[in-house]
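**Q** structure for this input, please:
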Amino acid sequence: MEIVLIVEGKNDRSRLRRVLNADVPILCTNGTPGTLQIDKLRREAGGKQIYIFTDNDSSGRRIRGMLRDAFPDAEHIHTRRGYPGVEKTPEEYLIEQLEKAGLDAYIEYPPESGAIWSKEDGL
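**A** Residues are numbered from 1 along each chain as shown. Coordinates of the predicted model:
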């Protein structure tokens, strides 16, 4: 299955790029999308499965509603209240939401934190 994510802005895209495979296209609405922007998103998405990842604030809900009308078969993912947008959401939570959406195969998991030392390291 080929997928594409649609997010609100380039900072959201940069944040998700840190946890998603580089082959996954991430498109931006660049704020509240008008007819021309929605047409552009349709062309860029092609026949791929669309996932919409927005903030859980009034602007994000408004954008999600517009995109729901434009892409009725899209899957919706959003941050939870209390996080100031996708761009400032902890990576662990983004990964959790992507996993819930069934996108495990596309996630680039960060390396485990904490160092593992061996005798060869001189410690």
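
**Q** so where is the chain shaky, pLDDT-wise?
**A** For the chain, applying pLDDT under 70 flags the ranges 112-123.

**Q** which stretches of it form strands?
**A** 3-7, 26-28, 49-54, 75-78 (DSSP state E).

**Q** ok, residue 111 - how many residues close by?
**A** By other CB atoms under 10 Å, the residues close to residue 111 number 5. Backbone N, C-alpha and C define where each C-beta goes, glycine included.

**Q** oh sorry, the question was meant for residue 92
**A** Neighbour tally, residue 92, other CB under 10 Å: 10.

**Q** got a list of what it touches?
**A** Residues in contact with residue 92 (CB atoms under 8 Å, 6 or more residues apart in numbering): none are found.

**Q** any idea which of the strands of the chain is most buried?
**A** Of the strands of the chain, the one with the most neighbours on average (mean count of other CB atoms under 10 Å) is strand 3-7, at a mean of 24.

**Q** and that one, C-alpha only, in PDB?
**A** This file holds the C-alpha atoms of strand 3-7, laid out as PDB (Å, rounded to 0.1, in the frame of the first residue of the first chain):
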ATOM      1  CA  ILE A   3       0.400   6.200   1.500                       C
ATOM      2  CA  VAL A   4       0.700  10.000   1.700                       C
ATOM      3  CA  LEU A   5       0.300  12.100   4.800                       C
ATOM      4  CA  ILE A   6      -1.300  15.600   4.800                       C
ATOM      5  CA  VAL A   7      -0.400  18.000   7.500                       C
END
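
**Q** could you dump stretch 89-105 to PDB, C-alpha only?
**A** What follows is stretch 89-105, C-alpha atoms only, in PDB (Å, rounded to 0.1, in the frame of the first residue of the first chain):
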ATOM      1  CA  THR A  89       4.400  16.900  20.100                       C
ATOM      2  CA  PRO A  90       6.800  14.400  21.600                       C
ATOM      3  CA  GLU A  91       8.100  11.900  19.000                       C
ATOM      4  CA  GLU A  92       7.000   9.000  21.200                       C
ATOM      5  CA  TYR A  93       3.400  10.200  21.000                       C
ATOM      6  CA  LEU A  94       3.600  10.800  17.200                       C
ATOM      7  CA  ILE A  95       4.900   7.200  16.900                       C
ATOM      8  CA  GLU A  96       2.100   5.900  19.100                       C
ATOM      9  CA  GLN A  97      -0.500   7.600  16.900                       C
ATOM     10  CA  LEU A  98       1.100   6.300  13.700                       C
ATOM     11  CA  GLU A  99       1.100   2.800  15.200                       C
ATOM     12  CA  LYS A 100      -2.600   3.100  16.100                       C
ATOM     13  CA  ALA A 101      -3.200   4.100  12.400                       C
ATOM     14  CA  GLY A 102      -1.500   0.900  11.300                       C
ATOM     15  CA  LEU A 103       1.600   2.600   9.800                       C
ATOM     16  CA  ASP A 104       4.200   0.600  11.700                       C
ATOM     17  CA  ALA A 105       5.900  -0.400   8.400                       C
END
